[in-house]
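Enquirer: Provide a 3D model corresponding to the input given below.
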Amino acid sequence: MVALRKGDAGRDAAAARARRYRRDLAPVLAVITAETGGTPEGIAASLTRRGVRKPRGGPIWTPPDVRRLLARLATETGS
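Expert: Numbers count the residues shown, from 1 in each chain. Below you'll find the predicted structure:
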C-alpha cells in the first residue's frame, strides 16, 4: 500500500478534470483542424473566435497553448 501525502487527492482530482477537459475538447479540435489545416495559429484563432475557454477559464488561446494541448492529447491517446 502506498502512503498518501498531503495534497495527493487534490492533485489527482485536478489531473482528472484536465484529462476530462482534453477528452471533451478533442472532437471540437478535430473539426477545427479540418477547417484550418491544423496549424497551431489557426486552431488558436478558431478556439478564441468560438469562445472556447481555456482549462483555467481564460478566453484567449495562443499557439503555444494549442501545442501543449495537442501534445498532451497525443500522449494520452498514444498517437
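
Enquirer: Give me the below-cutoff pLDDT ranges for this protein.
Expert: Applying pLDDT under 70 to the chain picks out residues 1-3, 79.

Enquirer: And the helices in it, which stretches?
Expert: Using DSSP state H, the helices of the chain run over residues 8-36, 40-50, 63-77.

Enquirer: other SSEs contacting the shortest one?
Expert: When you say that, I think you mean helix 40-50. Applying 3 or more Cβ pairs under 8 Å, 6 or more residues apart in numbering; DSSP states H and E, one finds that helix 40-50 makes contact with helix 8-36, helix 63-77. Bear in mind the C-beta positions are built from the backbone N, C-alpha and C, glycine included.

Enquirer: hmm, back to that, dump the helices of the chain to CSV, plus distance to residue 57.
Expert: As requested, these are exported to CSV (distance: least, Cβ to Cβ, whole Å):
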stretch, distance to residue 57
helix 8-36, 11
helix 40-50, 13
helix 63-77, 13
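
Enquirer: Check these for me and report the most buried one.
Expert: helix 40-50 (a mean of 17; mean count of other Cβ atoms under 10 Å).
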